[in-house]
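In: Build me a structure from this.
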Amino acid sequence: LRSEHGVQIISIKKVEVAKLSDFEDAHLIVSVVSSQGQPLGRASRCEVKAGGGGKAQIVMGPKGDDGPYVFVELKHSKQKRGFVKMSTRCFAFYKPHEKAGDFELVLHEKPTELTRDQEKLRSRKKIGKLLLNTKIGTPGM
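Out: The predicted model follows:
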């Protein structure tokens, strides 16, 4: 993969999470973060169907020794007393400069761990899988 700035097109092939169809307004938020867990740019929302089918487009920064990383969070709506709350169900992450084509990510139980602390991740329950396809593209694809 190229190491300069570019756009990565992410196609969601399949989301495997128990009772996904029970979640109201289930969607993925795809964002790019630095190695320190700081957001880089704007996040992208991607609709989720039980069989997958969504697309997102991210702008990748230059490749560093440790980052950037792409985070994918599964979110949904929850009815609370008199209002609707957005809730994170699970998350996954990968290095965009090291992944291309079809691959699988493990979905970790919330809360999202933007620093990717391995000790914290070991204690998190793995609650599903995300099957993706990525390719380098040009803006607006």
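
In: what sits up against the helix or strand where residue 25 lies?
Out: Assigning secondary structure by DSSP states H and E places residue 25 in strand 24-33. Residues outside strand 24-33 that contact it (C-beta atoms under 8 Å, 6 or more residues apart in numbering) are 10, 12, 15, 20, 39-48, 54, 56, 58-61, 67-79, 89, 96, 114. (Each C-beta comes from the backbone N, C-alpha and C, glycine too.)

In: taking those residues one by one, which sit in helices?
Out: Per DSSP state H, helices hold no members of the contacts of strand 24-33.

In: Parallel or antiparallel, which strands does the one helix or strand residue 8 maps to pair with?
Out: Assessed by DSSP H and E, residue 8 sits inside strand 6-17. Sheet pairing for strand 6-17, assigned by DSSP bridges, gives strand 55-60 (antiparallel), strand 126-137 (antiparallel).

In: out of everything not next to it in sequence, what's closest to residue 125?
Out: Nearest non-adjacent residue to residue 125, counting by C-beta to C-beta, 6 or more residues apart in numbering: residue 109, 4.3 Å away.

In: how close does the one you found get to residue 71?
Out: Going from residue 109 to residue 71 by C-beta to C-beta, to the nearest Å gives 14 Å.
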